[in-house]
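Participant: quick one, structure for this:
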Amino acid sequence: ETVTVTPTDATDYTPASTTATVNVAKVNQSINFNAPASPITFAPGEILRLNASASSGDTVTFSIDASSTGAGSISNGHILMITGVGSFIIDADQAGDGNYNAAPQVQQTLVVDAGPASQIVVSTSSAEFAAGQNSSDITVKVEDAYGNGVANQFVSLSSSSGVGRFIGTDESGDVKTDSSGVATFQYTDAIAGTPTLTFTVVSPPMVAAAAAVETPFDLVQAPLVQAHLKETVDPGPPDGFLVTGNSQTFVAGQDSGPITVQVIDPFGNVVFNQDLALSSSSQHGQFLNTDGSPILNGDVNTGPSGIASFLYTDTLANTSTLKIVDNSSINVLYAQPMETVIAGQASQITFISNPPLTAGVISGPITVQVADAYGNPITDQETINLQTSDGTGRFFSSADGTRPITSVTTIAGGDGQATFFYEDSTVGTPKLSATDSGLPDAKGQLAVPVKPAKLLFVQQPGNVTAGQPDTAEVEVRDQAGNLVTTGTAT
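Facilitator: Purely as a prediction, here's the structure:
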């Protein structure tokens, strides 16, 4: 700026003038920005008037800082229109003019919170996974009535399955939403099925509401905010068997009761559609369908019900070990139930020893065995009646012939055998008969040749001329020397 100085004392000084240049600096200014009330709860169409002044008296301009997380805009220079929750950083600026420098920027923060939780949005679809494994991530979002995420909101998790567990929760089993109202976790279950997962906003049991009564507040129940998700838990890998109907006892030639097999995973869930191979330690055993028809190749399948049922039959009295092998499993699994096959009703008596007989001499031990139709020894005590077709034959309980008998008895729990001795003074082939006293149809017969004790020449042949017959006479004598008049001898 140029300044001209002119003296005014003309008496003492000669008039004169001069010119000088003076530099005048701009004045600094400041902004007074009234902080808006914060936090506030979001509402649609919410506006906020911003109030700030500059010391220069010039107009202050407002803008939303780029670091803000809330959504909105400024209109008419000072009206903040809020369209989304979050944190607003409001910048207040005054650019200055010919007399004032630009004012230092002033910022104020406004926090716009979501309203109370109104709904839970599940963004994860229903999943399918194996028992004992974890599901994929499950994501839920807590929103207010306008779809804004509610931050730091606790959500309680529960399952209709008694053993299901959530992973990624706090000690109380709850999850907490992040700043955007989102929470993520996983689910695992040991029981196969379709459990329903329930997610509930954790709110105080009562909330305060203004009341037009003498008391300052009324306590009213907060609304329940929930969401649900149905998961599918499949059985895990095969790990064992559940066998029912094993350890049966049945009669040889008859069928067992149903034997039922289920393949289970490590948690006891039934595994479906498993191929099972059946075998028995008895070569006489056979597996049957429940309708009595033979099972081809000894293979069964548990099918969609997870159950395989079959029967077992055997003609040999024994304790059979049945082997059940899961051919569908990577690790071969097998079970070994035991079945006891007992002898049926006595139907035959067999002579299992046949010592040589000599007329008048007590035989060696003769053994008979009582058996069922399949040859299995009868272990019950049985009385066997003895008969001979020769009137001179006699039965004894011992080799010394001191105790004549007409029957023998098998030992209970034994091998169905009984032993006796026989003596006949008549040379021939008498038939010995053994009959079960309780079951007349159970019988057996044995033809036993009785040899003479002695052959004596009564008349010996003399000198014989070649080609001419001669006569010789012999007698048959028993052990006591008595003449035997029946039978033949060579």
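Participant: low-confidence regions, the stretch 51-200 of the chain specifically.
Facilitator: Within the stretch 51-200 of the chain, no stretch has pLDDT under 70.
Participant: what are the boundaries of the helices in it?
Facilitator: Taking DSSP state H, counting those that start in this stretch as the criterion, the stretch 51-200 of the chain contains no helices.
Participant: in the stretch 251-400 of the chain, which spans are strands?
Facilitator: 259-264, 270-271, 275-280, 285-288, 299-301, 308-314, 318-326, 333-335, 338-342, 348-351, 357-358, 366-371, 383-388, 394-396 (DSSP state E, counting those that start in this stretch).
Participant: rebuild those as CSV, extending it with distance to Ala447.
Facilitator: Every residue, glycine included, has its C-beta placed from N, CA and C. Output for the strands of the stretch 251-400 of the chain, formatted as CSV (distance: least, Cβ to Cβ, whole Å):
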stretch, distance to Ala447
strand 259-264, 46
strand 270-271, 63
strand 275-280, 39
strand 285-288, 36
strand 299-301, 50
strand 308-314, 34
strand 318-326, 33
strand 333-335, 51
strand 338-342, 33
strand 348-351, 10
strand 357-358, 11
strand 366-371, 13
strand 383-388, 11
strand 394-396, 16
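Participant: out of those strands, which gets nearest to Ala192?
Facilitator: In terms of Cβ to Cβ, the element of these nearest to Ala192 is strand 270-271, at 7.4 Å.
Participant: same question for the closest one, mean pLDDT?
Facilitator: Throughout strand 270-271, pLDDT has a mean value of 94.
Participant: so for Asp441, which of the strands of the stretch 251-400 of the chain sits nearest?
Facilitator: strand 348-351 (8.9 Å).
Participant: tell me what the closest one is packed against?
Facilitator: For strand 348-351, the elements it packs on are strand 366-371, strand 431-436, strand 443-447, judged by 3 or more Cβ pairs under 8 Å, 6 or more residues apart in numbering; DSSP states H and E.
Participant: what strands line up against it, and which way round?
Facilitator: Here strand 348-351 is paired, per DSSP bridges, with strand 366-371 (antiparallel).
Participant: hmm, who's touching the partner strand?
Facilitator: With contact meaning Cβ atoms under 8 Å, 6 or more residues apart in numbering, strand 366-371 is reached by 343, 346-355, 377-378, 382, 384, 408, 410, 415-422, 432, 434, 436, 442, 444, 446.
Participant: just the buried subset of those, please.
Facilitator: Buried by 16 or more other Cβ atoms under 10 Å: 343, 346-351, 377-378, 382, 384, 408, 410, 416-418, 420-422, 432, 434, 436, 442, 444, 446, out of these.
Participant: need the contact list for the residue nearest to Gly298 when sequence neighbours are not counted.
Facilitator: Nearest residue to Gly298, sequence neighbours excluded (Cβ to Cβ, 6 or more residues apart in numbering): Leu278, at 4.4 Å. Neighbouring residues of Leu278 by Cβ under 8 Å, 6+ apart: Phe287, Ile295, Gly298, Asp299, Val300, Phe310, Leu322, Lys323, Ile324.
Participant: confidence-wise, which of these comes last?
Facilitator: Least confident by pLDDT among the contacts of Leu278: that is Gly298, with 86.
Participant: how many other residues sit next to that residue?
Facilitator: 16 (other Cβ atoms under 10 Å).
Participant: isn't it right up against Asn289?
Facilitator: No. Look at Gly298 against Asn289 with Cβ atoms under 8 Å: they stay out of range, at 11.7 Å.
Participant: got any residues that touch both of those two?
Facilitator: Residues touching both Gly298 and Asn289 (Cβ under 8 Å, 6+ apart): there are none.
Participant: need the residue closest to the centroid of this protein.
Facilitator: With the centre of the chain defined as its mean C-alpha position, the nearest residue by Cα atoms, centre = their mean is Asn269, 1.9 Å away.
Participant: circling back to that earlier point, Serialize the helices and strands packed on strand 348-351 to TSV and add fields for distance to Ala52 and mean pLDDT.
Facilitator: Below are the helices and strands packed on strand 348-351 laid out as TSV (distance: least, Cβ to Cβ, whole Å; pLDDT from 0 to 100):
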stretch	distance to Ala52	mean pLDDT
strand 366-371	116	93
strand 431-436	122	90
strand 443-447	125	74
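Participant: pick the most buried one from those strands.
Facilitator: strand 366-371 (a mean of 23; mean count of other Cβ atoms under 10 Å).
Participant: what angle separates the helix or strand harbouring Phe420 from strand 431-436?
Facilitator: Assigned by DSSP states H and E, Phe420 falls within strand 417-423. Computed with axes from the mean of the first three to the mean of the last three Cα atoms, to 10 degrees, the direction of strand 417-423 lies at 150 degrees from that of strand 431-436.
Participant: can you list contacts of stretch 33-49?
Facilitator: Outside stretch 33-49, the residues touching it (Cβ under 8 Å, 6+ apart) are 50-52, 60, 78-82, 84-85, 90, 92, 106-115, 144, 146, 148.
Participant: only whichever of the residues you listed are buried, select them in ChimeraX.
Facilitator: Entered in ChimeraX, the line below selects the buried ones among these, by 16+ other Cβ under 10 Å:
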select :50,52,60,78,80,82,85,90,92,106,108,110,112,113,114,144,148
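Participant: what about the closest residue to Asp170 other than its chain neighbours, neighbour count?
Facilitator: Spatially, and ignoring its direct neighbours in sequence, Asp170 is nearest to Lys176 (7.2 Å; Cβ to Cβ, 6+ apart). Lys176 is flanked by 14 other residues according to other Cβ under 10 Å.
Participant: quick one: contacts for Lys176?
Facilitator: Lys176 touches Asn152, Gln153, Phe154, Val155, Asp170, Ala183, counting by Cβ under 8 Å, 6+ apart.
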